[in-house]
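**Q** Sequence and predicted model, in that order:
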Amino acid sequence: MYAFEYHRPTTLAEAARLASGNEDAKILAGGQTLIPTLKQRLAQPSDVVDLGAVAELRGICEDGDTLVIGATTPHAEVAASAVVQRLIPALAKLAEGIGDAQVRNRGTLGGSICNNDPSADYPAALVVLGATVHTTTRKIAAEDFFTGMFETALEPDEIVTAVAFPKPGKAAYVKFPNPASRYATVGVFVAEVGGQVRVAVTGAAPSVYRWTEAEQALAGGLDPAALDGLTVDPDGLNADIHASGEYRASLVKVMAKRAVAACV
Ligand SMILES: Cc1cc2nc3c(=O)[nH]c(=O)nc-3n(C[C@H](O)[C@H](O)[C@H](O)COP(=O)(O)OP(=O)(O)OC[C@H]3O[C@@H](n4cnc5c(N)ncnc54)[C@H](O)[C@@H]3O)c2cc1C
């Protein structure tokens, strides 16, 4: 680990001031990704701004038909929240399926989406539900937020403060978890949003995407058989020691059918 200045602000304004204009500063949330990255000397920030004591960034609330989750809310809190379970039960189930108990108690919604690991679960929820990412300077539509593998639309000194999820109709998320980490080898989120069925896929490609062919096939209703005629092109899909592109292509369809069948 390289030496850096550690800061633990207690307000968002102070955190924003510490990060502002300093391209070499790094935000620390749950540390589940950042700490190993620092230990392996893959990053050399001049300053680390820990959001852990900024109370205003943590919590879950209902705002009309929208669920608002603070950026530093850990996965375990999302999974256990009665508000999330009532408004978007599929989101609570997604959070419950992340990693193990330690990861769920330390890892945060904001850290997950800012890291944008291609196998992370939350990006599928944000994209399928048409969520909005709130930052210190603006609001970003989920589909504009995730721009590539480990890349987002964030500026270096921009801090995610919360995510607003509109309440869907029927919805379900199903993944084929890596047996060690539980990351999604492939995960598919299906949801009724504004009278239309939407399908988002994570794990398969460099970044989350909507499977528009499946959305068209499901326009007549949430019937898993409607996807029978579709094939997924493995070209350009992720291929690694965990799964080939061909295997991931097959999983996309299988997970999508299971998610449609699980929609409640
Ligand atoms: C063993 C293991 C298993 C895991 N399994 C899964 C899984 O099954 N599914 C899954 O989806 N994820 C999984 N994860 C990822 C984990 O859930 C965390 O979400 C992820 O590691 C990052 O979240 P964090 O809060 O720890 O962020 P950190 O590590 O603190 O930060 C990650 C990155 O985001 C930036 N950042 C953090 N918060 C903000 C913010 N508010 N604004 C701007 N930038 C910010 C940091 O600067 C850093 O670049 C796993 C991780 C581990 C270690």
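**A** Good, I have the coordinates.

**Q** Okay, now the unreliable bits of this structure?
**A** The chain contains no residues with pLDDT under 70.

**Q** Point me to the residue of this protein nearest the ligand.
**A** Of all residues in the chain, Gly111 sits closest to the ligand, at 2.1 Å by CB to the nearest ligand atom. Where C-beta positions appear, they are placed from N, C-alpha and C, glycine not excepted.

**Q** Can you get me a residue count around that residue?
**A** Per other CB atoms under 10 Å, the neighbour tally for Gly111 reads 25.

**Q** and it, how far is that from Ala153?
**A** 16 Å (CB to CB, to the nearest Å).

**Q** thinking again about what came up before, ignoring the adjacent residues along the chain, who's closest to the residue of the chain closest to the ligand?
**A** Excluding the flanking residues, the one nearest Gly111 by CB to CB, 6 or more residues apart in numbering is Ala29, at 3.7 Å.

**Q** Same question for Leu251.
**A** Leu251 sits nearest to Val186 (CB to CB, 6+ apart), 3.9 Å away.

**Q** CA atoms of the helix or strand hosting Val68 as PDB?
**A** Val68 belongs to strand 66-70 when assigned by DSSP states H and E. The C-alpha coordinates for strand 66-70 follow below in PDB (Å, rounded to 0.1, in the frame of the first residue of the first chain):
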ATOM      1  CA  THR A  66     -40.100   6.000  -5.600                       C
ATOM      2  CA  LEU A  67     -37.700   4.200  -3.300                       C
ATOM      3  CA  VAL A  68     -34.600   6.300  -2.400                       C
ATOM      4  CA  ILE A  69     -31.500   4.600  -1.100                       C
ATOM      5  CA  GLY A  70     -28.500   6.500   0.300                       C
END
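
**Q** That strand: which residues count as buried?
**A** Of all the residues in strand 66-70, those buried under the rule 16 or more other CB atoms under 10 Å are Leu67, Val68, Ile69, Gly70.

**Q** Quick check: what element follows the longest strand along the chain along the chain?
**A** Counting residues, the longest strand found in the chain (DSSP state E) is strand 184-193. Using DSSP H and E, the helix or strand that follows strand 184-193 in sequence is strand 196-202.

**Q** re earlier: list the contacts of the residue of the chain closest to the ligand.
**A** The contact partners of Gly111, taken as CB atoms under 8 Å, 6 or more residues apart in numbering, are Ala29, Gly30, Gly31, Gln32, Thr33, Leu34, Ala71, Thr72.

**Q** from these, which would you call buried?
**A** Neighbour counting over the contacts of Gly111 (16+ other CB under 10 Å) leaves Ala29, Gly30, Gly31, Gln32, Thr33, Leu34, Ala71, Thr72 as the buried ones.

**Q** quick one: which of these sit in helices?
**A** Among the buried ones among the contacts of Gly111, the residues falling in helices (DSSP state H) are Leu34.

**Q** Contact residues of this protein facing the ligand?
**A** Residues of the chain lying close to the ligand (CB under 6 Å from any ligand atom) are 26-34, 51, 71, 75, 98-99, 103, 106-108, 110-112, 114-115, 120-122, 159-160, 181-183.

**Q** what's Thr132 sitting at in phi/psi?
**A** Backbone dihedrals for Thr132, given as degrees, to the nearest 10, come out at phi -120, psi 130.

**Q** pretty sure it is touching Asp144, no?
**A** No - applying CB atoms under 8 Å as the test, Thr132 and Asp144 come out as separate, 10.0 Å apart.

**Q** Look at those two and report which has more neighbours.
**A** Neighbours were counted for Thr132 and for Asp144 using other CB under 10 Å; Thr132 has more, 19 against 11.
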